[in-house]
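*Asks:* Based on what follows, work out the 3D shape:
(one chain, ligands or ions: 1)
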Amino acid sequence: MKKIILGLPAVLLLVSGCSKTDDFTPDAGATGEDVFKTACVKCHTPKESGYYFDLDSSMANIAAISKQVNEGSMAMPSFPKIQGETLHSLSEYVLANSKTR
Ligand code: HEC
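*Replies:* Numbers count the residues shown, from 1 in each chain. Presented below is the predicted three-dimensional model:
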């Protein structure tokens, strides 16, 4: 019984979360912080101590964060319209407001 209760949310997450795309398009001149607070904070709320992520060392760099944003993951939508300068400053903002495990 316990197994079924625990398994159901995981299945729903898989079904609803797989390969979703978010068409969010940042305003010209939006900073990384603007974008994060518009498009990301609904899922990524700050932890008690005020930072957003406990990043694995493999995730704690601009390239890996940018890839996560553009490609998403099983549970996170992809944001293909965040690109260039905006993507870079968004990734910097994430990095500056995270801890590394
Ligand atoms: C619909 C909810 C949702 C939105 C919106 C969302 N994310 Fe995520 N994100 C997730 C989930 C769930 C995970 C954890 C699962 C995973 O790592 O695949 C995650 C993981 C991440 C990670 C990796 C964290 C780690 O510890 O490895 C980063 C970085 C990230 N998100 C950044 C962003 C940024 C930047 C945005 C805004 C452009 C964003 N997310 C928008 C749900 C979301």
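*Asks:* Tell me the residues on the chain that lie near the ligand, please.
*Replies:* Residues of the chain lying near the ligand by CB under 6 Å from any ligand atom: 36, 39-40, 42-44, 53, 55-56, 59, 65, 68-69, 73-77, 79, 82, 90, 94. Using the backbone N, CA and C atoms, a C-beta is placed for each residue, glycine as well.
*Asks:* Helices of the chain, start to end?
*Replies:* Ranges of helices within the chain are 2-17, 32-35, 62-71, 84-96, based on DSSP state H.
*Asks:* weakest of these by average pLDDT?
*Replies:* Ranked by mean pLDDT, the helices of the chain end with helix 2-17 at the bottom, a mean of 55.
*Asks:* Return the residues in contact with N61.
*Replies:* Contacts for N61 were tallied using CB atoms under 8 Å, 6 or more residues apart in numbering; they are L95.
*Asks:* thinking again about what came up before, in strands, which of the residues of the chain next to the ligand fall?
*Replies:* Taking DSSP state E, the ones among those that sit in strands are 53, 55.
*Asks:* Quick one, which of the residues of the chain next to the ligand are buried?
*Replies:* Using 16 or more other CB atoms under 10 Å as the burial test, the residues of the chain next to the ligand include 36, 39-40, 53, 55, 59, 65, 68-69, 76-77, 79, 82, 90, 94 as buried.
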